[in-house]
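Trainee: just the structure for this:
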Amino acid sequence: MNLFNFLLPFVSCIVSFVFTLFIFNRYLKRKGAHLLLWGIGMAFYGIGGFCEAFFGAFGWNSTIFRLWYLFGAILVAAWLGQGTVYLLAKRRWANAFMILLSLASIYAVVRVFTAQLDPTLMGTNLQAGGEMNGKAILTSGLRVLTPFFNLYGTVALVGGAAWSAYIFWRKRVLLHRVIGNIFIAVGAMLPAFGGTFSLLGIKGALYLSEMLGTVLMFSGFIRATAPMKSEVQVVTMKSEDQAIS
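Mentor: Numbers count the residues shown, from 1 in each chain. Got it, this is the predicted structure:
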């Protein structure tokens, strides 16, 4: 077992699932399609991390690889990005993109679980738990799906977070959300950079970037959603007025 290639994705997995619980807890309190989709997207992130940790510990497994490629390589960015689309775009446009994303996701599920695989193409050293590699997919046309899902999700998630940070900064209100959204934007971009460095032969770049990415996004979410002291005071004053009345 390659300890490095097990621990990094394992940490990513744990942080992602804890983050997922935080998002769903907020969804239960506040509702909102954006929270539901962010929660689903982070659950996908956690599944991807689990599959990578499993591979780092035990090596090749076709089912684990298919789950990783579906949730970790294809769907995660798009579903996170779709949450941001629901937050910022008009509902009719968000609904239209949601229909397209759902149909495309179903297509991806069918293609991934019917694909022909070659475990010898996973990495340079399977016994040492090399990084999971999409080259193991032999079925033509399947790997072409990944850039479309990731481009849509990354542009929506990073662009939405950057735009939100800019709006709060320009209006000089809720500045803690500026910082939170910057963290989210940077965290969302890190896996893309890690994947690029991994293709260039820098070992561990993908797993390290995924771990740092989920930590930054989680930190940004906590920062952006934490009430400021002034907000807490307003809520407290309202509660006291209601109690007096």
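Trainee: quick one: the helices in this protein?
Mentor: 3-30, 33-58, 62-67, 76-88, 91-113, 145-171, 175-199, 205-225, 229-244 (DSSP state H).
Trainee: what's the most buried one of these?
Mentor: helix 76-88 (a mean of 25; mean count of other Cβ atoms under 10 Å). Yep, even glycine has a C-beta here, placed from its N, CA and C like the rest.
Trainee: so what does that helix touch, helix or strand wise?
Mentor: Under the contact criterion of 3 or more Cβ pairs under 8 Å, 6 or more residues apart in numbering; DSSP states H and E, helix 76-88 touches helix 33-58, helix 91-113, helix 145-171, helix 175-199.
Trainee: distance from stretch 190-208 to the middle of the chain?
Mentor: Distance of stretch 190-208 from its chain centroid, counting by Cα atoms, centre = their mean, to the nearest Å, is 16 Å.
Trainee: stretch 93-109 now?
Mentor: Distance, centroid of stretch 93-109 to centroid of chain: 17 Å (Cα atoms, centre = their mean).
Trainee: what is the mean pLDDT for that stretch?
Mentor: Mean per-residue pLDDT for stretch 93-109: 97.
Trainee: likewise for stretch 161-177?
Mentor: 77.
Trainee: how about stretch 135-142?
Mentor: 85.
Trainee: endpoints of it, how far apart?
Mentor: 11 Å (Cα to Cα, to the nearest Å).
Trainee: for stretch 70-84, same thing?
Mentor: End residues of stretch 70-84 are separated by 21 Å (Cα to Cα).
Trainee: one step back: next, format the helices and strands packed on helix 76-88 as JSON lines and append distance to Phe71.
Mentor: Output for the helices and strands packed on helix 76-88, formatted as JSON lines (distance: least, Cβ to Cβ, whole Å):
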{"stretch": "helix 33-58", "distance to Phe71": "4"}
{"stretch": "helix 91-113", "distance to Phe71": "9"}
{"stretch": "helix 145-171", "distance to Phe71": "11"}
{"stretch": "helix 175-199", "distance to Phe71": "13"}
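Trainee: between the ones you listed, which one is nearest to Ser209?
Mentor: Closest approach to Ser209 among the helices and strands packed on helix 76-88 is made by helix 175-199 (2.5 Å; Cβ to Cβ).
Trainee: tell me the angle of the closest one relative to helix 205-225?
Mentor: 170 degrees (axes from the mean of the first three to the mean of the last three Cα atoms, to 10 degrees).
Trainee: please renumber so the chain begins at 24
Mentor: Sure, I'll start numbering at 24, so the last one becomes helix 198-222.
Trainee: elements contacting helix 198-222?
Mentor: helix 99-111, helix 168-194, helix 228-248.
Trainee: for Ala138, which of those is the nearest?
Mentor: Of the helices and strands packed on helix 198-222, nearest to Ala138 by Cβ to Cβ is helix 168-194, at 10.8 Å.
Trainee: what packs against the closest one?
Mentor: Partner elements for helix 168-194 (3+ Cβ pairs under 8 Å, 6+ apart): helix 99-111, helix 114-136, helix 198-222.
Trainee: one step back: could you export the helices of the chain as JSON lines, including distance to Thr162?
Mentor: Compiled in JSON lines, the helices of the chain are given as follows (distance: least, Cβ to Cβ, whole Å):
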{"stretch": "helix 26-53", "distance to Thr162": "25"}
{"stretch": "helix 56-81", "distance to Thr162": "19"}
{"stretch": "helix 85-90", "distance to Thr162": "11"}
{"stretch": "helix 99-111", "distance to Thr162": "20"}
{"stretch": "helix 114-136", "distance to Thr162": "7"}
{"stretch": "helix 168-194", "distance to Thr162": "11"}
{"stretch": "helix 198-222", "distance to Thr162": "20"}
{"stretch": "helix 228-248", "distance to Thr162": "22"}
{"stretch": "helix 252-267", "distance to Thr162": "52"}
